[in-house]
Structures are given as C-alpha cells and as structure tokens.
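# The sequence and its predicted three-dimensional model are supplied below.
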Amino acid sequence: MNDEPGPAVNDDDADEVTAAPTATTTEKKRHPRLRRRIIIGAIAVVLAAGLGGGYWAWNASAQSRETAAATSVQTQLQAQIDAAHAFNARLSAVQGVTTRIHSVVESSDFAADALAEAAPLGAALSAMDALAKAAPADPPATTTPNEPAGETAGYRWPWQLTSDAEHLESQAAAAERAAADLRTAAAQTADAGRTLASAEAAYFAALAAHANATITDSPLSNRSIQAPLTELIDEAQNPSMSASRDGTFLTSMVDAEARVRDSQATNQAHLNDPAWSVRNEIESYARSLSDGVALEFVWAPEVAGYGEDWLSGTTQTWDTNGSNGPGSVEYTYAIISLNYSVEEAWNDGPDARALVTHEVGHSQMYRCWPQYSGPSFSRNDETWATAWSISYGFDVPGSGIEAYGRPTDDQISVAGQCH
C-alpha cells in the first residue's frame, strides 16, 4: 500500500466530472426537444388541414362557378335564338311591305301625282330600304358551342374548372350582346315599318279623298262608272286591305277616276246637244220618278229584239252594297235601255210614257223592297213594274198590260205606296 499522498483534487472539479446525472438533469435536457416536435407536428397537422380545406373550398367554388356559367350560357343562347327569330320575322314582314310600296312609288302614276302625301311616302320608303336590305340572322346552336374538353374528361382540378367557367362566361356574354343587338335592330326595323305604314295610309287616304271629290264634281257621270271607283275608294281607306294596295291598285284607281271624268264630259255634251233634246226630256222625266235611284240610259235601234214600230225597253238594277230595302238608294243604280221608237213616239200619246214609267218601276225594286218582296208581288218583276206604271195613271197597253196582263187593283195600290 502506498501511503504517499496523490495530487490535490478540487472538490468542484470532482463534482463536475464524477457526479452522476440526476433525473432532474435528464428531464431538463429532453423536454424542450419533445415539445418542439409536438409543436411542429401540430403545426403540420394544422397546415395540412388548412391546405386541404382551402383546396376543397376552392374546388367547390370553382365547381359552383362553372355550373352557374353553364346555365347562364344556355339561357343567353336561348335569348339569342328568340331574338334572332323575332328579328327575322320582323325583317320578312317589312321586306314584303317594302316590295309592295316600291311598286307604288316606282309607277308612272305616282311620279305624276301632285298630292302632298306622295313625298313623305317616298322618304319613308327610302329610310326603310336601308334596314330591309339586312341579311336574316342565323340563330346559334341550342347546345353550348365549343364545350371545354374537360367537360367529359372526368375529374377536373379547380384551375381547370375556373378556366372552363371563364370560357363559358365569355360565351354567355357574347350571346347576350348578340341578343341585345338583334333586339335593337328589330326595334329600329319596327319603328321604320310603322313610319312607312303610316305614310302609306296617309297617301292612299289622300288619294281616296281626291277620288271622292272627283265623283262629287261629276254629277252627270254614270253610276255604273262611279261604282268601281267607289269600291277602290273603300279599299284605299280600309286599313285591313292595305296588303292589296300596290302599283296595280294605284293604276286602277287613277284609271277609274279618269273614266268618271270622261263620263261627266260625255253626258254634259249630250245635255248641251240640241239633237238630244227629246232624249234628254225622256231621261229627265224618268229621273223625276226614280226618287234618288241613279239612272243611266242606253239608246239603240233595237232592244230585246224589237226595233222600228215597236216600243221596247229593258232595265238592269244593282244594289252595290247588298243591303236590300229602304235606305239603300245611294248604293242603287239602274241602266235603262230604250229603242229609238220610244224617242219617236214620245209626243204621240201615253204609251211611250207608260213604257218608260214601267222601266223606272224595275229600278225601284230595292228601294221598295218590302212591297216588292211582300205577299202582293213575291218579287214578280214584270207584275211589279206594270203595277208601278199604272199607279202613276198609265192604265194603257204601254204600261205592260199588253205584254204581261193587268195586275189586280190591290197590287196597283201596294205599288203606289212606294212613290
């Protein structure tokens, strides 16, 4: 055993070197690391959850946007289709009207027309022409054009859904703009069409007024000549008949008006001609009995097969508005044909006057409809006309007795009720 003392040892150093680690020391060294790991793990979990939740929220939002865009594009496409059909229908209608009115404005009769309403019609037609030349609109397909490729490719990422939504939104906006443009064009076309229709109606109304004035200024013109012009006047004034008012209609109206003026001139010349003095006297006598029914006369060497040495006449009667009976006088006229023998025998006795009165009786059938169609006559033309003549005091063969027999006194009395 060596008793020599060893080197001096510092107690502190000894403790630091040789002291065994205690539980407390170990815990102090390990706990911060574990805590950091737990915290990091927790943060990772939170981040993962946040990222996952954000992704699915993004995905859901993108899906919702894409669905809304798909619905919107279909809605706007349908609106564009409806607008296209409406525009095309309006365009077709005004093109037909424009073609019809062109035939009016381009006619020689329109060019020579001095009516003030002619110029506005020409101007309205020119304004309409610019719109009527438009091409019909092509309606889009009812399904979405250029659908995104991903539509049928299964799962799509949010950014794909977003891209597809933007594509559909662009298509919806384009369809909406196209529909708006079509509606604007249709409205402009409709406005121009109404202006044209108004100008057309005003022009033909003025034309009708001019024609009516011609009839008023031509009192000697034959009613059979006036009647066609009157029908054309009604057509010119009737809005429901505007589709028939074209260039041919205008020419017909101008020609009919000219015939009325010619008839007035012819009858005025006859009235002023001394050679027609007896005929004028006969015609005036007949008109004095007609109670407003317009009478025209045709003179011929032979009527109904009877000529020289025979008194002969015929009568044709028309009711131009078809309403038989009292009150229709303004629409009724008759053409009485007389042979030259009536003129020659006019001052030789009562028979010629009796025959003319008989023919005037035929002209009264519509004015005297209740009596003529009633039980006394039952529309027997010749018995009626004979009774009418006798009711004026012509109880002679020329009244019709010789040809048709004498009516009863009761029939003569009934006919006399409608003088």
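Alright, I've got the coordinates. Quick caveat: nothing in here was measured; it's all calculated off a predicted structure. Numbers count the residues shown, from 1 in each chain.
# do you know how far the nearest residue to Trp58 once chain neighbours are set aside is from Ala172?
Nearest non-adjacent residue to Trp58, counting by C-beta to C-beta, 6 or more residues apart in numbering: Pro158, 4.6 Å away. From N, CA and C alone the C-beta is placed, and that goes for glycine too. From Pro158 over to Ala172 the distance is 21 Å, taken as C-beta to C-beta, to the nearest Å.
# same check, this time on Ser288
Applying C-beta to C-beta to Ser288 and Ala172 gives a distance of 84 Å.
# higher neighbour count, these two?
Between Ser288 and Ala172, Ala172 has the larger neighbour count (other C-beta atoms under 10 Å), namely 23 against 9.
# so where does the more buried one fall, helix or strand?
Using DSSP states H and E, Ala172 sits in helix 158-216.
# Give the other helices and strands that that helix contacts.
helix 23-105, helix 118-132, helix 223-237, helix 247-272 (3 or more C-beta pairs under 8 Å, 6 or more residues apart in numbering; DSSP states H and E).
# go again using 10 Å as the cut-off
Judged by 3 or more C-beta pairs under 10 Å, 6 or more residues apart in numbering; DSSP states H and E, the packing partners of helix 158-216 are helix 23-105, helix 108-111, helix 118-132, helix 223-237, helix 247-272.
# ok, and which of the ones you listed has the densest surroundings?
Among the helices and strands packed on helix 158-216, helix 223-237 has the highest mean neighbour count (mean count of other C-beta atoms under 10 Å), at a mean of 19.
# Low-confidence ranges, this structure, go.
Scanning the chain for pLDDT under 70 picks out 1-53, 142-153, 322-328.
# picking up where we left off before, thought the residue nearest to Trp58 was touching Ala62?
Yes - Pro158 is within contact range of Ala62, at 4.3 Å (criterion: C-beta atoms under 10 Å).
# dump the residue contacts of Gln188.
Counting by C-beta atoms under 10 Å, 6 or more residues apart in numbering, Gln188 touches 90, 130-131, 134.
# swap that for Ile225, please
So Ile225 contacts 215, 218, 256, 259-264, 266-267, 296, 333 (C-beta under 10 Å, 6+ apart).
# let's see 8 Å
By C-beta atoms under 8 Å, 6 or more residues apart in numbering, the residues touching Ile225 are 259-260, 263.
# how close does the closest residue to it other than its chain neighbours get to His210?
Leaving out its chain neighbours, the residue that sits closest to Ile225 by C-beta to C-beta, 6+ apart is Ser263, at 4.4 Å. Using C-beta to C-beta, one gets 17 Å for the distance from Ser263 to His210.
# swap in Arg379?
Between Arg379 and His210 the computed distance is 40 Å (C-beta to C-beta).
# who's in contact with stretch 83-99?
With C-beta under 8 Å, 6+ apart, stretch 83-99 has contacts from 125, 128-129, 131-132, 134, 136-140, 178-180, 182-183, 185-186, 189-190, 192-193, 196-197, 200.
# And the helix or strand containing Ser277, how far out from the chain middle?
Using DSSP H and E, Ser277 maps to helix 277-289. What separates the centre of helix 277-289 from the centre of its chain is 49 Å, taken as C-alpha atoms, centre = their mean, to the nearest Å.
# Report all helices and strands that it contacts.
By 3+ C-beta pairs under 8 Å, 6+ apart, helix 277-289 packs against helix 247-272, strand 294-300, helix 340-344, helix 350-363.
# 7 Å - rerun?
strand 294-300, helix 340-344, helix 350-363 (3 or more C-beta pairs under 7 Å, 6 or more residues apart in numbering; DSSP states H and E).
# Check the ones you listed for me and report the most buried one.
It is helix 350-363: most buried of those by mean count of other C-beta under 10 Å, with a mean of 24.
# Provide a list of residues in contact with Pro158.
58-59, 62 (C-beta atoms under 7 Å, 6 or more residues apart in numbering).
# Next, format those as TSV and append distance to Asn272.
TSV is the format used below for the contacts of Pro158 (distance: C-beta to C-beta, whole Å):
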residue	distance to Asn272
Trp58	105
Asn59	105
Ala62	100
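# for those residues, which one is nearest Val105?
Ala62 (61.1 Å; C-beta to C-beta).
# circling back to that earlier point, in a markdown table: the helices and strands packed on helix 158-216, plus distance to Ile412.
Converted to a markdown table, the helices and strands packed on helix 158-216 look like this (distance: least, C-beta to C-beta, whole Å):
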| stretch | distance to Ile412 |
| --- | --- |
| helix 23-105 | 56 |
| helix 108-111 | 53 |
| helix 118-132 | 58 |
| helix 223-237 | 29 |
| helix 247-272 | 34 |
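# quick one: secondary structure of Leu338?
Recorded secondary structure, Leu338: strand (DSSP: H, G, I helix; E, B strand; the rest coil).
# how near is it to Phe110?
Separation of Leu338 from Phe110 (C-beta to C-beta) stands at 42 Å.
# Likewise for Ala385?
Distance, Ala385 to Phe110, using C-beta to C-beta: 47 Å.
# before we move on, what about Ala286?
From Ala286 to Phe110 the distance is 41 Å (C-beta to C-beta).
# Equivalent analysis for Gln80, please.
Taking C-beta to C-beta, one finds Gln80 at 41 Å from Phe110.
# Tell me the one of the contacts of Gln188 nearest Ile390?
Arg90 (67.9 Å).
# ok so, going back, for the helices and strands packed on helix 158-216, which one sits closest to Ser373?
Evaluated with C-beta to C-beta, these place helix 223-237 nearest to Ser373, the distance being 22.7 Å.
# by how many degrees do the closest one and helix 247-272 diverge?
Calculated by axes from the mean of the first three to the mean of the last three C-alpha atoms, to 10 degrees, helix 223-237 forms an angle of 150 degrees with helix 247-272.
# Thr332 contacts Asp319, correct?
Yes - with contact defined as C-beta atoms under 7 Å, Thr332 counts as touching Asp319 (5.0 Å).
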